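Q: The following block contains a protein sequence and its predicted model.
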Amino acid sequence: MQSRRAFLGSTAALGLVGAAGTALDVHAQDHRHAADALVTELRRQMIASVKGLKPGRGGEPARRISGILALTTAAGVTADFDARLRAAVRRHGRDGLLLQTPDPKRLEAELKAYGITEPLLLKPVTLAERRRVLDTVLARGIGPLLEALGRRFDTLSTDLDRRMVLPIAQTTPEDRCWEPCSEIQAAEVMMMLACLGAVFDFGMSCFFLTGLVIGLRVGYSMRGCLC
């Protein structure tokens with residue numbers, strides 16, 4: 001009788017565990033669906049904001065991009081990228097990854113999403129510089145870089161608002177262009193990695209980093225910084 005009660009107790013416990021597991025699965029699916037919906041909405045807003053960066057439009061598009069950057073963390077985009085990047089380095093090595101070239105079809109598709117029909121011309125970056133950027137992101141995650149770029153968009157939005165009220169010569173001293181151009185270059189290095197293609201699948205990071213590079217280039221070109 002004792003063994004039968006023990007068996008029935010074990011069965012009941014397993015039933016509770018099974019029910020809990022089902023509830024957790026449903027919760028996990030709901031969380032994934034919510035995250036997917038958020039990423040879809042961020043993608044829509046990112047396209048509209050980058051396309052809105054035009055002379056005479058003011059700083060609102062740049063402000064929206066800064067807000068979108070903050071939300072990518074909530075959507076899991078940054079953590080997903082960090083995990084995929086570290087896994088790729090483990091599989092292929094640091095230089096093995098850096099010496100790859102982006103998938104032209106993938107990059108072309110992302111550029112078209114932002115209304116860009118011409119190839120993106122990037123300034124040459126030495127292998128040593130690419131190593132420095134990659135090592136920094138591996139050590140700290142991509143979050144700090146995105147936070148720095150978010151601050152750039154905030155600064156840019158204020159400057160573009162001022163230009164709507166008081167026309168300012170569209171030039172910026174070269175020494176004031178160096179720092180934002182350096183951060184844009186770091187974003188370009190990470191964009192090239194994120195857009196390597198199916199073998200190196202970095203999820204939505206290729207789309208978001210491409211938008212950041214385009215947005216910063218367009219925005220700072222309106223300030224006279226040709227990065």
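A: Sure thing, it's come through.
Q: okay, CA-based contacts and neighbour counts for the rest of this
A: OK.
Q: How many residues are close by residue 191?
A: Taking other Cα atoms under 10 Å as the criterion, the count of residues near residue 191 is 22.
Q: Ignore what I typed, I meant residue 128.
A: Residues lying near residue 128 (other Cα under 10 Å) number 10.
Q: ok, it - contacts?
A: Under the criterion of Cα atoms under 8 Å, 6 or more residues apart in numbering, the contact list for residue 128 is empty.
Q: for this structure, what are the low-confidence residue spans?
A: Scanning the chain with the threshold set as pLDDT under 70 gives 1-35, 75, 164-175, 198-199.
Q: show me where it has helices.
A: Taking DSSP state H to define them, one finds helices in the chain at 2-51, 60-74, 77-92, 94-98, 104-113, 127-140, 143-165, 174-194, 205-221.
Q: Now tabulate these in JSON lines and tack on distance to residue 120.
A: Shown next, in JSON lines, are these (distance: least, Cα to Cα, whole Å):
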{"stretch": "helix 2-51", "distance to residue 120": "15"}
{"stretch": "helix 60-74", "distance to residue 120": "20"}
{"stretch": "helix 77-92", "distance to residue 120": "22"}
{"stretch": "helix 94-98", "distance to residue 120": "18"}
{"stretch": "helix 104-113", "distance to residue 120": "8"}
{"stretch": "helix 127-140", "distance to residue 120": "18"}
{"stretch": "helix 143-165", "distance to residue 120": "19"}
{"stretch": "helix 174-194", "distance to residue 120": "10"}
{"stretch": "helix 205-221", "distance to residue 120": "9"}
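Q: how about these, which one is nearest residue 119?
A: Distances from residue 119 to each of the helices of the chain were compared using Cα to Cα; the minimum, 7.3 Å, belongs to helix 104-113.
Q: which of the helices of the chain is buried the deepest?
A: For the helices of the chain, ranked by mean neighbour count under the definition mean count of other Cα atoms under 10 Å, the leader is helix 205-221 at a mean of 22.
Q: Figure out how far that helix is from the centre of its chain.
A: Here helix 205-221 shows a centroid-to-chain-centroid distance of 10 Å under the convention Cα atoms, centre = their mean, to the nearest Å.
Q: With stretch 218-227 instead?
A: 21 Å.
Q: just checking, residue 46 touches residue 211?
A: Yes. Between residue 46 and residue 211 there is a contact under Cα atoms under 8 Å: 7.1 Å.
Q: got any residues that touch both of these two?
A: Between them, residue 46 and residue 211 share no contacting residue under Cα under 8 Å, 6+ apart.
Q: on that earlier part again, who wins for proximity to residue 227 among the helices of the chain?
A: Shortest separation from residue 227 across the helices of the chain is recorded for helix 174-194, at 5.1 Å, computed as Cα to Cα.
Q: Tell me what angle the closest one forms with helix 77-92.
A: Here helix 174-194 runs at an angle of 70 degrees relative to helix 77-92 (axes from the mean of the first three to the mean of the last three Cα atoms, to 10 degrees).
Q: pull the CA atoms of helix 174-194 into CSV?
A: Extracted in CSV, the C-alpha atoms of helix 174-194 (Å, rounded to 0.1, in the frame of the first residue of the first chain):
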residue,chain,number,x,y,z
GLU,A,174,38.0,68.8,-39.1
ASP,A,175,39.0,68.2,-35.4
ARG,A,176,35.3,68.1,-34.5
CYS,A,177,34.6,65.5,-37.2
TRP,A,178,37.3,63.0,-36.1
GLU,A,179,35.5,61.5,-33.1
PRO,A,180,32.1,60.9,-34.7
CYS,A,181,33.8,59.6,-37.9
SER,A,182,35.8,57.2,-35.7
GLU,A,183,32.6,55.8,-34.2
ILE,A,184,31.0,55.6,-37.6
GLN,A,185,34.0,53.6,-38.8
ALA,A,186,33.6,51.2,-35.9
ALA,A,187,29.9,50.8,-36.8
GLU,A,188,31.0,50.1,-40.4
VAL,A,189,33.4,47.3,-39.3
MET,A,190,30.6,45.7,-37.3
MET,A,191,28.1,46.1,-40.2
MET,A,192,30.6,44.3,-42.5
LEU,A,193,30.7,41.4,-40.0
ALA,A,194,26.9,41.4,-39.4
